[in-house]
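Asks: Sharing a sequence plus its predicted fold:
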Amino acid sequence: MKVGIDLGGSHIGVALINDKDEIVKKIEKDIEKSENISSEILAMIDSYISKFKEEYNIELIGIASPGNPKVNDLSISNIVNLGIEKLDFKDIFQKHNIPIKLKNDSKSAGLAEFKYGSLKEYEDAVFLCLGTGIGSAVFLNGKLLHANKHIGFELGHIVIDRRGEQCNCGKKGCFETYCAMKRFKERAKKLLNLDNISSEKLLEEIKNNKEAICISNLIDEYIDNLIIGLSNIIDIFEPEAISFGGSFVYFKDLFYEKLVTEMQKRKYTFNKDDVPKIVLAELKNDAGMIGAIL
């Protein structure tokens, strides 16, 4: 058995995975920023691994997290949306004496979608995880693209407005500053005067107020910014398909058909008659946990 761990911008998922890469058991829990967030996350991971070890022989631990994995020293750095400079997994490795595989969370989810989900029929593809931020994975000729120095291919941090709003990464006008689902939900709550509401209830409220000018304009603006970011990505990588994951999937009724229609109509790409297929992630929250052990 293997343990796949997916540390996201707002939750952690831990799964027990068999030799067929199928999830047997899983635990999911929301996380919030705090002064001790690093130690809290490490303690959480340690306790879940210990729980699975009591019943199963664990041969591998895969950890997927935002930021830059440093395989040689078993750490992940620059987790900007959680305000963490570095997470060090050496103590967990030494305690449990089980091999640890570290990956970027979006690359992990993209791998799972590429092997088992929405992108399995394509050789050239892009996976975008729209959630707290925008994570990404790029596949060319059937292989995940890697950079040597850092994780690379951080498409959420391409600039779509050079005079735009400040991003957590330190730059201004990043793609994720305008198109991360967290950002959209925050703006929708403000417009509808809502607070402390679940994503499910928020979606329901948006649908009920969809004809209101403020909400209609918010959706149109989101689609406009999304298309700007996508046009840059398409011109650079020429994917056959782009898959959207993260909480975007749960808000698909607001965006998906309009996005596909506008992409075909506007053709904001260099090769105007070759717009890639837009698909939705199939594995949802399981993708990061499965991809962590691949």
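Replies: Here it is on my side, so go on.

Asks: how about the strands in the stretch 1-150 of the chain?
Replies: 2-7, 11-17, 23-30, 60-65, 68-70, 75-79, 84-88, 100-104, 125-130, 134-140, 143-144 (DSSP state E, counting those that start in this stretch).

Asks: Verify the stated contact: residue 14 with residue 289.
Replies: Yes - counting by Cβ atoms under 8 Å, residue 14 does reach residue 289; the two are 7.2 Å apart. Yep, even glycine has a C-beta here, placed from its N, CA and C like the rest.

Asks: Make a markdown table from the strands of the stretch 1-150 of the chain and add mean pLDDT and distance to residue 166 to it.
Replies: Below are the strands of the stretch 1-150 of the chain laid out as a markdown table (pLDDT from 0 to 100; distance: least, Cβ to Cβ, whole Å):
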| stretch | mean pLDDT | distance to residue 166 |
| --- | --- | --- |
| strand 2-7 | 96 | 24 |
| strand 11-17 | 93 | 25 |
| strand 23-30 | 92 | 26 |
| strand 60-65 | 95 | 23 |
| strand 68-70 | 88 | 21 |
| strand 75-79 | 90 | 17 |
| strand 84-88 | 91 | 19 |
| strand 100-104 | 93 | 23 |
| strand 125-130 | 97 | 19 |
| strand 134-140 | 96 | 16 |
| strand 143-144 | 97 | 30 |
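
Asks: closest to residue 231 out of those strands?
Replies: strand 125-130 (12.4 Å; Cβ to Cβ).

Asks: distance between that closest one and the chain's centre?
Replies: 8 Å (Cα atoms, centre = their mean, to the nearest Å).

Asks: tell me what that strand is packed against?
Replies: Applying 3 or more Cβ pairs under 8 Å, 6 or more residues apart in numbering; DSSP states H and E, we find strand 125-130 packed against helix 105-116, strand 134-140, helix 213-237, strand 241-246.

Asks: The last one pairs with which strands?
Replies: Strand 241-246 has its sheet partners listed here by DSSP bridges as strand 125-130 (parallel), strand 277-280 (parallel).

Asks: and the helix or strand just after it, C-alpha only, in CSV?
Replies: Remark: after strand 241-246, the chain's next helix or strand is helix 252-266, criterion DSSP states H and E. What follows is helix 252-266, C-alpha atoms only, in CSV (Å, rounded to 0.1, in the frame of the first residue of the first chain):
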residue,chain,number,x,y,z
LYS,A,252,-19.0,24.8,-14.1
ASP,A,253,-22.6,25.7,-14.6
LEU,A,254,-21.6,29.4,-14.4
PHE,A,255,-18.6,29.3,-16.6
TYR,A,256,-18.1,26.3,-18.8
GLU,A,257,-20.4,26.7,-21.7
LYS,A,258,-19.9,30.5,-21.9
LEU,A,259,-16.1,30.0,-21.8
VAL,A,260,-16.1,27.4,-24.6
THR,A,261,-18.5,29.5,-26.8
GLU,A,262,-16.4,32.7,-26.3
MET,A,263,-13.1,30.9,-26.9
GLN,A,264,-14.5,29.7,-30.3
LYS,A,265,-16.0,33.0,-31.1
ARG,A,266,-13.1,35.3,-30.2
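
Asks: Right, I'll leave it there.
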